[in-house]
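**Student:** sequence? don't have it. structure:
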């Protein structure tokens, strides 16, 4: 695991991001805060429905119409303000310096067009190049993502490719304009295990080649352990803990993170039942006041009905909990 | 592709046979004797017998059917009992009129229906969508004959902009021909436009929420291109299929509209034939229409395959 230099200026710096939903403007996302530096990989981890995909769609300007409204956004991209309300500027960023790949390679490509044309189109959307040049670039990209005989694949339709191949095409398309930042929303979830690691390796290699920053959204802690430099753990629309990957794995401070870690199956050690986090994620209507994890937290106290403070453990490691560091409280038991 | 078309044509054969039997049987079951109608007031038994013999109406029904279908296969649909003109010739006269009317109506329907459908899909839930839906519903609910009469009253009688009725062959004076047919085509087209608009809207709504449209947006394409290329291209399949079927229906006859505007097309021919018990003509028209419908269906199927790369290679 590469330790990024903490001094490098962040590429994307989300200082605050909140989304409201419905008439009551209940917080779908609440005060999200994270950053990625060039060459760095940030993993956003959480259960499905915790808002991890929504946050990245919001940054891309791809939120479905009427789904949610942005109530707070203070974001910097490459040191300049990044305005989520400027749709024209967002479009110019999309696919140019910020690219995104998705969870569903089977349906993410347009079934009616040849894959080569779909990649070339991405090039032409942002660069003043001829059709032939865009085509050459597409062939080059297909080769770079490890598709054999790229020239021949150019004229194939998505249905002629396997899921892994389609995800490679998606990556080729996303990286065609050398983006500074890649957002990968569960890119391996829909793939076979063997293909999963191939795709992860590919993303990692391309990242090493180009020095792009990567935000990897996943629920799979195995993926996190493999590629993350930094981790942000999300629960019910908030980031409950974030920090360097090692700190999160070796010294988790939030009860939810601890629960997640112990629910990960291990090959070593005695065989035992997998630990689970009891209960379910509260819905937007049943969201508790204060700490959102309090309904499932084994350590919950009356105090938890108040907004939890962000505790700093040094080295960029933060946790959103009244009782962190937990060691202070667990000493006797 | 060629084998696909041939296969579809083979499937069409039993359909045509069934339709021909059905048409033939229906004619025979209908009350009213054409010979009596022809013989006039006198009802002279000798004349009647002569006519029956002439038109081979004394043969057993299956023989009559096979005689008819056998002749039809070599292009002889019989002779009109009324005008003594060959049925094929009658149809040949009327078909271009109806095809011109249907084509013009279809152009109206496509030009109005598809853009309106796209617009109301991308503006879903807004005033634009609401207005488009109300207009479409009105288009569907307003009877053709009423709209036709209103147009004649306003456009022809009051403002005197367009002729109220008649027909000028296209090859004689194209401009005038189109002018005369604008109103009936518009009347037919608006009702179809409403149907097309509703289908376009729902097809677009489905496609607009698809993953590949999100991908197109993620590439940073302009919204216009996302909608007109990536979304519309995939919504096109049901629209093309529907259009082909609607065109088939138009050929089958816009009876009321043709009557109102006295367009001498298929619709008028069939109404006259039914009233006059002109068996041969009715049978001929229905057979030709059915074949036309099957051809349009075939077009729809071919278009469906051409538009869908997943089916093309098979």
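**Tutor:** That came through, no problem. No experiment lies behind these values; they were computed from the predicted model shown.
**Student:** distance of the residue in chain B positioned nearest to chain A relative to residue A:11?
**Tutor:** Distances between chain B and chain A by CB to the nearest CB are smallest at residue B:220, namely 3.5 Å. All C-beta spots, glycine's among them, are computed from the backbone N, C-alpha and C. Taking CB to CB, to the nearest Å as the measure, residue B:220 and residue A:11 are separated by 18 Å.
**Student:** repeat that for residue B:31.
**Tutor:** For residue B:31, the distance to residue A:11 - CB to CB - is 86 Å.
**Student:** between the two, point out the one with more neighbours.
**Tutor:** Between residue B:31 and residue A:11, counted using other CB atoms under 10 Å in any protein chain shown, residue A:11 has the larger neighbour count: 24 against 5.
**Student:** that one contacts residue A:180, doesn't it?
**Tutor:** Yes - the pair residue A:11 / residue A:180 is scored as a contact, 5.7 Å apart, by CB atoms under 8 Å.
**Student:** what parts of the stretch 101-250 of chain B come near chain A?
**Tutor:** B:125, B:209-212, B:214-223, B:230, B:233-234 (CB under 8 Å from any CB of the partner chain).
**Student:** hey, where'd the helices end up in chain A?
**Tutor:** Applying DSSP state H to chain A gives helices spanning A:52-60, A:87-93, A:105-108, A:115-126, A:131-144, A:150-153, A:163-175, A:193-210, A:221-227, A:245-250, A:255-262, A:327-330.
**Student:** neighbouring contacts of the longest one?
**Tutor:** With CB atoms under 8 Å, 6 or more residues apart in numbering or on different chains as the test, helix A:193-210 has contacts from A:39, A:41, A:144-146, A:163-164, A:167-168, A:171, A:175, A:178, A:182, A:184, A:187-188, A:191, A:212, A:214, A:216, A:223, A:226-227.
**Student:** sort out which residues of that helix are buried, please.
**Tutor:** A:195-196, A:198-200, A:202-203, A:206-207, A:210 (16 or more other CB atoms under 10 Å in any protein chain shown).
**Student:** dump those residues to TSV, plus distance to residue A:246 and pLDDT.
**Tutor:** Conversion of the buried residues of helix A:193-210 to TSV gives the following (distance: CB to CB, whole Å; pLDDT from 0 to 100):
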residue	distance to residue A:246	pLDDT
A:195	28	88
A:196	23	89
A:198	26	90
A:199	24	91
A:200	19	92
A:202	24	93
A:203	21	93
A:206	24	94
A:207	19	94
A:210	25	93
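**Student:** thinking again about what came up before, Produce a PyMOL select command limited to the buried residues of the residues of the stretch 101-250 of chain B next to chain A.
**Tutor:** A single PyMOL command selects the buried members of those (16+ other CB under 10 Å):
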select buried, chain B and resi 210+211+212+214+215+216+217+218+219+220+221+230+234
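**Student:** among the residues of the stretch 101-250 of chain B next to chain A, name the ones in helices.
**Tutor:** Counting by DSSP H, those place B:211-212, B:214-218, B:223, B:233-234 in helices.
**Student:** adding pLDDT, write those out as TSV.
**Tutor:** As requested, these are exported to TSV (pLDDT from 0 to 100):
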residue	pLDDT
B:211	95
B:212	96
B:214	95
B:215	96
B:216	96
B:217	96
B:218	96
B:223	94
B:233	94
B:234	93
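**Student:** between those, which sits nearest residue B:22?
**Tutor:** Checking these against residue B:22 with CB to CB, the nearest one is residue B:234 at 37.9 Å.
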